[in-house]
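Q: model this:
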Amino acid sequence: MDKELFGGSISMYIPPSFEDISNVRNVPDNQEVFADVNTDQSIIVEILEFVKQVANEDAAKYE
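A: Okay, the predicted model is just below:
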């Protein structure tokens, strides 16, 4: 079943064994974080801001 992310702006399949971490702790508004209840696996979806004037080789400086 697909899970709505970022207030329904996008959706993606999250396996049923993954719990929404925002029910347990604070998660920044630009992230959706899920953790598997049986393993140490997690899924993190993060929205980043596009910075047009930055060259590709300098992109790592802007996260």
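Q: helix or strand for the spatially most central residue of the chain, which one?
A: Central residue of the chain (CA atoms, centre = their mean): Val45, 1.7 Å from the mean position. Element membership for Val45 (DSSP states H and E) is strand 42-46.
Q: any buried residues in that strand, and which?
A: In terms of neighbour count (16 or more other CB atoms under 10 Å), strand 42-46 has its buried residues at Ile43. All C-beta atoms are positioned from the backbone trio N, CA, C, and that covers glycine.
Q: now for that strand, which elements pack on it?
A: Using 3 or more CB pairs under 8 Å, 6 or more residues apart in numbering; DSSP states H and E as the contact test, the elements touching strand 42-46 are strand 31-36.
Q: list the buried residues of the strand it packs on.
A: Quick answer for strand 31-36 (16+ other CB under 10 Å): Glu32, Val33, Phe34, Ala35.
Q: that one: partners in the sheet, and parallel or antiparallel?
A: Each strand paired with strand 31-36, and its direction, by DSSP bridges: strand 18-20 (antiparallel), strand 42-46 (antiparallel).
Q: indicate which one of those strands is closest to Lys52.
A: Within those, the stretch nearest Lys52 is strand 42-46; the backing value is 19.2 Å (CB to CB).
Q: now the closest one, how far from the chain's geometric center?
A: How far strand 42-46 lies from its chain's middle: 4 Å, per CA atoms, centre = their mean, to the nearest Å.
Q: go on, stretch 14-34?
A: 8 Å.
Q: same question, stretch 54-63
A: Its chain's C-alpha centre and that of stretch 54-63 lie 20 Å apart, by CA atoms, centre = their mean.
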